[in-house]
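1. Fold the stuff below for me.
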Amino acid sequence: DKKTRLIPFIFGLDENYIIEFGDKYLRFIKDGGYLLGDDGQILELTSPYTEDELGEIDYVQQLNTMTLVHKNHKIQELTRTTSNWQIKEITIAPSINPPTNLTISYQGYIKTNTKTYSYVVCSVHKKTNEESHRSAVVWVVAHKEAYWTTSEYVTLNWNGVTDAVEYNIYKSVNGIFGYVGTSSTTSFVDDNIDPDLTTTAPIYVNPFEKENPSCVSIFQQRKVYASSSLSPQTIWASQSGCDNNFNISRPLLAINSIEMTMCDNVASKIQYLLPFDDLIALTTNSEWAINGSDGVFSANPAPVANLQSYYGSAKIKPVVSGSMVIFVQSGGNIVRDLGYNYLSDSYDGEELSLFASHLFEDKKIVSMAYAKEPYRILWCVMDDGTLCALTYNPTQKIACWHTHSTKGKFEDVCAIRENNTDICYFVVKRTINGEDVKYIERFKQRSYKSVEDSFLLDCAIKTEFDKKVSHISGLNHLKGEKVMVLADCG
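-> I've put the predicted structure just below:
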């Protein structure tokens, strides 16, 4: 009787999955059936999440990798390849290693007017231009700058790094490592080059050493996290184009990682982040639009958070329909949309459940999914096991609520694209043969060529026979139920 949560995984146009999150396990569903392992059994992975934590997992997907966050756990990545699935904790670090085994030598003759020079070297990735951490510091004693002659120089050598296209070299000035040059080989000669202190060696930053984020999104090529237990109003964004790199420079460069804390007028917590033209932050108290003053989300100049409205969001994953966000208000029983309004130059929306408020009295929404194609239906599972749905088309001013019932209780819902149609999967608790059981049930497509092809039943199984039969077995789930039998489609 433990909780289960369904999360969509979009691997390609025609290869989408439902991930079943249970008590410390993951299973995978495709086209209405479980994926099997090499042993012929249901494929199952161990996960760090207990059943009580499932509802607060947030996620975002890039290609074949899904990033999972929860305040009680380190950031996880679920990866799908052509042959297997894997879940593991991510490492906050650049994707390329720094050079190793640095050596340094000085060519010249010194007795007086000496100075100690320190250097670090960083690798540069050949595909992403991402810069590594600093190498170990090496130092050498040489003449002070004013006493160098044209025959004096410092030589650096190091071991090459896999995937490095070049190496950036930095020299220390009062403890600050300024840029002195780039080498496409594994050596560099410094003939008294003045360091550029406007471009400095990267400083390692890992904002998640002592705390874990509870929100994640992607915005302007950055992986964006937010809201830890210690910092509920803080946002952290990776370097541009480098998901796991949070390094910075001094002074800050535009591509550096970002850390900003929103200043709400009450104690609040960021619930979700959504990328539009601005980064939309939904908190427990209000809604915000975050971006740079020039429309570029960068470290320098720093981004700005602009307050849009005071409604607040519940911890129910919002959905997106076109240019509108649909979210559950903080109380759990009001549904709103939010989108950009040209006339007010801000984000605003409507209370979608206003004229059907009786459907939500003394109830709270616990799960929500949007089936875009073909009917544009928002499905809402309530805490009492009932199911409400909204046909939503803001362009045509359509917002129509309807209810759906079954002999059981709905617990969760998820929608995924299958054969050009968004199909809903539900977790449903039923009583079968006097025992409480849970099923993952899938809507059949509602379009069919003839009535004989229709399959409009709840918790149903379908069997086809090659020849006529007069006896059917395997219907134990119908014991004690009133049934109707149609033979030969009549």
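
2. so what's Y340 bridging to?
-> Beta-bridge pairing of Y340 under DSSP bridges involves Y347.

3. May I ask you to confirm that it is in contact with D277?
-> Yes - between Y340 and D277 there is a contact under C-beta atoms under 8 Å: 6.8 Å. For glycine as for every other residue, the C-beta is placed from the backbone atoms N, C-alpha and C.

4. Between those two, point out the one with more neighbours.
-> Under the neighbour definition other C-beta atoms under 10 Å, Y340 and D277 were set side by side, and Y340 has more, 18 against 11.

5. What ranges does the stretch 351-490 of the chain have for its strands?
-> Residue ranges of the strands in the stretch 351-490 of the chain, as given by DSSP state E, counting those that start in this stretch, are 365-371, 377-382, 387-393, 398-404, 409-418, 421-432, 435-442.

6. Contacts made by the first one with the rest, please.
-> Pointing back at strand 365-371 there. Strand 365-371 is contacted from outside by 5, 55, 314, 316-321, 326, 328, 332-333, 335, 376-383, 392, 411-415, 422-424, using C-beta atoms under 8 Å, 6 or more residues apart in numbering.

7. 6 Å instead?
-> Residues lying outside strand 365-371 but in contact with it, judged by C-beta atoms under 6 Å, 6 or more residues apart in numbering, are 316, 319, 321, 328, 332, 377-381, 383, 412-415, 422, 424.

8. cool, the second one as well?
-> Among residues not part of strand 377-382, those counted as contacts by C-beta under 6 Å, 6+ apart are 363, 365-371, 387-392, 410, 413, 424.

9. What is the neighbour count of F177?
-> 25.

10. got the contact list for it?
-> When contacts are counted by C-beta under 6 Å, 6+ apart, F177 touches V120, Y170, T200, A201.

11. Which strand residues bridge the second one?
-> Beta-bridge partners of Y170, counted by DSSP bridges, are V120, Y179.

12. That one: neighbouring residues, count only.
-> Around Y170 there are 26 other residues, counting by other C-beta under 10 Å.

13. What distance do you get for it to S405?
-> For Y170, the distance to S405 equals 68 Å [C-beta to C-beta, to the nearest Å].

14. still on that earlier bit, can you flag the buried ones in the contacts of strand 377-382?
-> 363, 365-371, 387-390, 392, 410, 413, 424 (16 or more other C-beta atoms under 10 Å).

15. How about G339, nearest residue that isn't a chain neighbour?
-> The shortest distance from G339 to any residue other than its chain neighbours is 4.2 Å, reached at M324 (C-beta to C-beta, 6 or more residues apart in numbering).

16. Tell me who's in contact with the one you found.
-> Under the criterion of C-beta under 6 Å, 6+ apart, the contact partners of M324 comprise D337, G339, P394.

17. Quickly name whichever of those residues is closest to K449.
-> Out of those, the one with the shortest distance to K449 is P394. That distance is 32.1 Å, counting by C-beta to C-beta.

18. What's the per-residue pLDDT of that closest one here?
-> What the model reports as pLDDT for P394 is 90.

19. Please apply the same query to G490.
-> According to the model, G490 carries a pLDDT of 55.

20. Check S344 too.
-> Confidence at S344, expressed as pLDDT, is 89.

21. And it, its phi and psi?
-> S344 has phi and psi values of phi -90, psi -10 when expressed as degrees, to the nearest 10.

22. Could you check how far it is from Q221?
-> Distance of S344 to Q221, computed by C-beta to C-beta: 29 Å.

23. Next: G480.
-> Relative to Q221, and taking C-beta to C-beta, G480 is found at 58 Å.

24. List of residues touching stretch 471-489?
-> Where contact means C-beta under 6 Å, 6+ apart, the residues beyond stretch 471-489 that reach it are I432, N433, E452.

25. and what of stretch 258-277?
-> For stretch 258-277, contacts defined as C-beta under 6 Å, 6+ apart pick out 215, 217, 219, 224, 226-227, 232-237, 280-285, 299, 305, 313, 315, 318, 325.

26. Any stretches of this structure with poor pLDDT?
-> Low-confidence segments of the chain, defined by pLDDT under 70, are located at 487-490.

27. how about the helices of it, start to end?
-> Along the chain, no segments are classed as helices by DSSP state H.

28. List buried residues within the contacts of F177.
-> By the neighbour-count criterion of 16+ other C-beta under 10 Å, the contacts of F177 include these buried positions: V120, Y170, T200, A201.

29. And the furthest pair within these?
-> Taking C-beta to C-beta as the measure, these span a maximum distance of 10.2 Å, between V120 and T200.

30. that older thread, which of the buried ones among the contacts of strand 377-382 sit farthest apart?
-> K363 and A371 (21.3 Å).

31. now the end-to-end length of stretch 43-62.
-> Start to finish, the residues bounding stretch 43-62 are 23 Å apart (C-alpha to C-alpha, to the nearest Å).

32. List the contacts of it.
-> Residues external to stretch 43-62 that are found in contact with it (C-beta under 6 Å, 6+ apart): 2-3, 5, 21, 23-28, 35-37, 66-70, 73, 87, 215-218, 315.

33. Tell me which residues of it come out buried.
-> Judged by neighbour count using 16+ other C-beta under 10 Å, the buried positions of stretch 43-62 are E44, L45, S47, Y49, E53, L54, G55, I57, D58, Y59, V60, Q61.

34. can you check stretch 204-223 too?
-> Within stretch 204-223, the residues that qualify as buried by neighbour count (16+ other C-beta under 10 Å) are 205, 207-208, 212-220, 222-223.

35. List of residues touching it?
-> Taking C-beta under 6 Å, 6+ apart as the criterion, the residues outside stretch 204-223 that touch it are 58, 60, 67, 69, 71, 92, 133, 224-228, 230, 236-238, 240-241, 243, 246-248, 270, 272-273, 275, 279, 297.

36. So which of these belong to strands?
-> 58, 60, 67, 69, 224-226, 236-237, 270, 272-273, 275, 279 (DSSP state E).

37. Any chance of those residues in CSV with distance to C459 as columns?
-> As requested, the ones in strands among the contacts of stretch 204-223 are exported to CSV (distance: C-beta to C-beta, whole Å):
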residue, distance to C459
D58, 31
V60, 33
T67, 34
V69, 34
V224, 40
Y225, 40
A226, 39
W236, 44
A237, 45
I270, 39
Y272, 32
L273, 37
P275, 38
L279, 42
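
38. now, which of those sits nearest W139?
-> Checking the ones in strands among the contacts of stretch 204-223 against W139 by C-beta to C-beta gives W236 as the nearest, at 33.7 Å.

39. give me the number of residues near the closest one?
-> So W236, with other C-beta under 10 Å, has 23 neighbours.

40. residues in contact with it?
-> W236 makes contacts with P207, Y225, E259, as judged by C-beta under 6 Å, 6+ apart.

41. ok, E145 to D191 distance?
-> In this structure, E145 lies at 11 Å from D191, with C-beta to C-beta as the measure.

42. Please apply the same query to D422.
-> For D422 relative to D191 (C-beta to C-beta), the value is 65 Å.

43. between the two, which one's more packed in?
-> With other C-beta under 10 Å as the criterion, D422 and D191 differ in neighbour count, and D422 comes out ahead with 19 against 13.

44. And the more buried one, how far from S344?
-> Going from D422 to S344 by C-beta to C-beta gives 32 Å.

45. ok, now K479?
-> As defined by C-beta to C-beta, K479 lies at a distance of 60 Å from S344.

46. same thing with Y439?
-> Y439 sits 47 Å away from S344 when distances are taken as C-beta to C-beta.

47. Counting neighbours, go ahead and name the busier of these two.
-> Counting neighbours by other C-beta under 10 Å for Y439 and for S344 shows that Y439 has the greater number, 14 against 9.

48. Perfect, I'm done here.
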